[in-house]
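Student: kindly generate the corresponding structure for this input.
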Amino acid sequence: MRDGDEILIPISLRRIRIKFYVCLCLTAGCAISGADGWLTFTLMLLCGAILLAAGIIGGKRLIGSVFFLRRGRGD
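Tutor: A predicted model of the protein is given here:
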């Protein structure tokens, strides 16, 4: 789908949230349980990559939506 010069990609915010929070819980579980450092570090990088991809595709507004941040009516 094209709209002018932009390519529109359908993004499911629900799927992004689920993936991010599952990775976040796995990272916390690894850190608490004393798993190998490389596993914890890899999961932390995965959490960051999910946010980076969301930021590239949807900007600040999508990243804020992943964290359930809401803006006032004027924004």
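
Student: if I pick Leu51, what's in contact with it?
Tutor: Each residue near Leu51 by C-beta atoms under 8 Å, 6 or more residues apart in numbering is listed here: Phe20, Ile63, Val66. No exception for glycine: its C-beta is placed from N, CA and C like everyone else's.

Student: quick check: the first one vs Gly34, distance?
Tutor: By that I understand Phe20. 24 Å (C-beta to C-beta, to the nearest Å).

Student: more crowded one of these two?
Tutor: Phe20 (18 against 8; other C-beta atoms under 10 Å).

Student: for Phe68, which three-state class applies?
Tutor: Judged by DSSP: H, G, I helix; E, B strand; the rest coil, the three-state class of Phe68 is coil.

Student: same question, Val22
Tutor: Applying three-state DSSP: Val22 is helix.

Student: swap in Ala35?
Tutor: Going by three-state DSSP: Ala35 is coil.

Student: skipping adjacent residues, who's closest to Thr40 in space?
Tutor: Cys30 (4.4 Å; C-beta to C-beta, 6 or more residues apart in numbering).
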